[in-house]
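>>> build me a model:
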Amino acid sequence: MDLIGFLYGLGVLHGVILAGILFFMRSEHRVANAFMAALVACIALRFLSNWLIRSGVFIQNPQWSLLSSPLDFAWGPLLYLYAYSMSGRKLEAKHVLHFIPCLLLFSAPITFALYPREQQLEFLTYFWSNRENQELGERVLGRMSVFWRTWMDMRLQGSFFSVQFGIYCYLVLRQIQKHKLSLERHFSFTEQMDLRWLRTLTFVCVLFLILFLVFNRAGLVLFGHFEITALSPNTPFLFLVVAIYGIGIAALYQPPIRDAQENTTKKENTSVPEAAQAPTETTTAKYVRSSI
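Numbering: from 1, shown residues only. Here you go, the predicted structure:
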């Protein structure tokens with residue numbers, strides 16, 4: 001196992017442990033923790049998929065090679081719903097619609113699993129290489145419909161993932177700003193309700209997205225392909241291996257918003273008696289004016 005494979009294995013281990021702790025830990029914001037646990041688990045599955053590609057397991061079992069790819073489109077919705085829940089807002093049935101792209105894309109691995117094993121191996125050999133074998137490419141693409149041929153040959157899934165994830169990062173930042181303005185209208189001490197953690201989390205996701213565009217998508221723009229096991233396309237995910245540990249640990253120690261609201265209310269209530277108890281006139285000054 002090379003260094004990249006070892007780091008992916010470490011990321012899988014950390015992700016599974018943190019997802020389990022977040023999901024089963026008793027907390028005032030269990031719903032938000034459940035969304036964070038699901039996000040960490042999806043990222044860990046991406047690490048596992050990349051590790052299995054490098055170790056050659058998918059060559060022995062090609063029918064499972066594309067199964068985790070649609071879960072990438074759950075990252076953005078899970079991040080948004082985590083921020084939504086942390087803001088103290090109630091979830092509605094309509095929020096399930098965020099996962100429609102993820103569910104629709106499961107048609108790709110299901111269709112791929114129905115192919116004969118030889119065709120699956122040819123497909124993986126072509127799409128995970130530098131695509132120098134034109135004869136193999138014509139044979140593989142010739143078996144696919146126009147839609148899937150365009151989708152896979154141009155690697156549109158990664159491009160659409162970039163757009164979708166970027167949109168959800170923007171939605172989270174907007175949600176944070178709206179929540180902060182709401183707090184300023186209702187509470188005097190907004191520093192306790194500051195959602196800097198969510199802002200930091202979103203900026204980490206934006207940094208990953210920038211790395212993904214530079215090291216992963218740039219190869220397609222410049223060369224039209226990249227080798228999936230090379231360092232460059234794996235760099236953004238190696239960044240997540242380090243980031244996921246900090247994200248999971250920080251999520252464990254986030255104070256419940258309700259407690260912060262109660263503390264803010266208590267501070268406002270205790271400030272009133274102090275003002276009422278303040279003397280308006282000293283005893284000495286009163287006697288001086290009365291000439292006593």
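>>> C-alpha only now, for contacts and for neighbours.
Fine.
>>> number of nearby residues for Ala251?
Counted with other Cα atoms under 10 Å, residues neighbouring Ala251 total 18.
>>> any idea which element it lies in?
Ala251 is located in helix 231-252, with elements delineated by DSSP states H and E.
>>> give me the buried positions along that helix.
Across helix 231-252, burial judged by 16 or more other Cα atoms under 10 Å covers 232-238, 240-241, 243-245, 247-248, 251.
>>> contacting residues around it?
4, 7-8, 10-11, 14-15, 18-19, 22, 33, 36, 40, 47, 201, 204, 208-209, 211-212, 215-217, 226-228 (Cα atoms under 8 Å, 6 or more residues apart in numbering).
>>> my read: Leu78 touches Phe35, true?
Yes: at 5.7 Å, Leu78 and Phe35 qualify as touching, with contact defined as Cα atoms under 8 Å.
>>> now do the nearest residue to Leu52 once chain neighbours are set aside against Phe73, distance only.
Using Cα to Cα, 6 or more residues apart in numbering and skipping residues adjacent in sequence, the residue nearest Leu52 is Phe58, 6.2 Å away. Plainly put, Phe58 is 21 Å away from Phe73 if you go by Cα to Cα, to the nearest Å.
>>> which of those two has more neighbours?
More crowded of Phe58 and Phe73, by other Cα under 10 Å: Phe73, with 24 against 19.
>>> surely that one and Cys102 touch.
Yes: judged on Cα under 8 Å, Phe73 makes contact with Cys102 at a distance of 5.1 Å.
>>> hang on, the earlier thing: right, and the residue nearest to Leu52 touches Trp64 too?
Yes: contact criterion Cα under 8 Å: Phe58 and Trp64 qualify, at 6.8 Å.
>>> can you map out the strands along the stretch 151-292 of the chain?
Taking DSSP state E, counting those that start in this stretch, the stretch 151-292 of the chain contains no strands at all.
>>> give me the contact list for the helix or strand encompassing Gly11.
Assigned by DSSP H and E, Gly11 belongs to helix 3-24. Helix 3-24 is contacted from outside by 30, 33-34, 36-38, 40-41, 43-45, 47-48, 50-51, 54-55, 231, 238, 241-242, 244-245, 248-249, 251-252, using Cα under 8 Å, 6+ apart.
>>> got the angle for that helix vs helix 231-252?
Orientation of helix 3-24 against helix 231-252 (axes from the mean of the first three to the mean of the last three Cα atoms, to 10 degrees) gives an angle of 20 degrees.
>>> quick one: low-confidence ranges for the stretch 151-292 of the chain?
The stretch 151-292 of the chain contains residues with pLDDT under 70 at 153-154, 182-195, 224-225, 255-292.
>>> do you know how far Leu201 is from Phe23?
In terms of Cα to Cα, Leu201 sits 18 Å off from Phe23.
>>> likewise for Leu103?
If you measure Leu103 against Phe23 using Cα to Cα, the figure is 22 Å.
>>> looking at the two, which one has more neighbours?
Higher neighbour count among Leu103 and Phe23: Phe23, with 18 against 14, using other Cα under 10 Å.
>>> report pLDDT for the more buried one.
If you check Phe23, the pLDDT there is 92.
>>> so how far is Pro101 from it?
24 Å.
>>> how about Tyr82?
From Tyr82 across to Pro101, the span is 18 Å (Cα to Cα).
>>> on that earlier part again, overlap of the contact sets of Phe73 and Cys102?
Counting by Cα under 8 Å, 6+ apart, Phe73 and Cys102 have no shared contacts at all.
>>> so for Tyr82 and Pro101, which sits in the more crowded spot?
With neighbours defined as other Cα under 10 Å, Tyr82 and Pro101 compare such that Tyr82 has more, 23 against 14.
>>> helix or strand: which one has the more buried one?
Assigned by DSSP H and E, Tyr82 belongs to helix 75-86.
>>> give me the residues contacting that helix.
29, 31-33, 35-36, 38-39, 42-43, 91, 98-99, 164-166, 168-169, 171-172, 175-176, 198, 257.
>>> in helices, which of the residues you listed fall?
With DSSP state H as the criterion, helices contain 31-33, 35-36, 38-39, 42-43, 164-166, 168-169, 171-172, 175-176, 198, 257 from among these.
>>> which among those residues count as buried?
Buried subset of these (neighbour count, 16+ other Cα under 10 Å): 31-33, 35-36, 38-39, 42-43, 164-166, 168-169, 171-172, 175-176, 198, 257.
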